[in-house]
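> the sequence and its predicted three-dimensional model are supplied below.
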Amino acid sequence: MAQRVKFTKDYTYRIDGQRQVAYIGGKEYRIPEAHYEAAKAAGVVEDMADAPAKAENKAKA
């Protein structure tokens, strides 16, 4: 299952010796579980599922 996360720093997930995926710090992504587990172990992600939802306060007249 894909995870929605925000990277706190730039991070490169290495798939194998030749392929890799780069994530930019400060941006939000939906990433595969394997990428999430590796980034979480490296301490470079903020799990968005645990973050409070942004409230939109719009006053209606």
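Thanks, I have it. Model, not experiment: these values are computed from the prediction.
> average pLDDT across stretch 20-31?
Average pLDDT, stretch 20-31: 96.
> from now on call the first residue 127
Happy to do that; since the first residue is 127 now, the last one works out to stretch 146-157.
> what's the span of that stretch, first residue to last?
Stretch 146-157 has an end-to-end distance of 13 Å (C-alpha to C-alpha, to the nearest Å).
> next one: stretch 151-165
In stretch 151-165, first residue to last residue: 12 Å (C-alpha to C-alpha).
> swap in stretch 142-156?
Stretch 142-156 end-to-end distance (C-alpha to C-alpha) = 21 Å.
> so Ala164 sits in a helix?
Yes: checked against DSSP: H, G, I helix; E, B strand; the rest coil, Ala164 lies within a helix.
> could you find the closest non-adjacent residue to it?
If the residues on either side of it in the chain are set aside, Ala164 comes closest to Tyr139, at 5.8 Å by C-beta to C-beta, 6 or more residues apart in numbering. In short, each C-beta sits where N, CA and C put it, glycine included.
> please tell me how far the one you found sits from Gly151.
Note on Tyr139: its distance to Gly151, by C-beta to C-beta, to the nearest Å, is 14 Å.
> quick one, which of these two is more surrounded?
Using other C-beta atoms under 10 Å, the more surrounded residue of Tyr139 and Gly151 is Tyr139, with 17 against 11.
> hey, what's the more buried one bridged with?
Beta bridges link Tyr139 to Val147 when assigned by DSSP bridges.
> okay, it: pLDDT?
Confidence for Tyr139, expressed as pLDDT, is 96.
> number of nearby residues for Glu154?
13.
> how close does Tyr139 get to Glu172?
Applying C-beta to C-beta, the value for Tyr139 to Glu172 is 16 Å.
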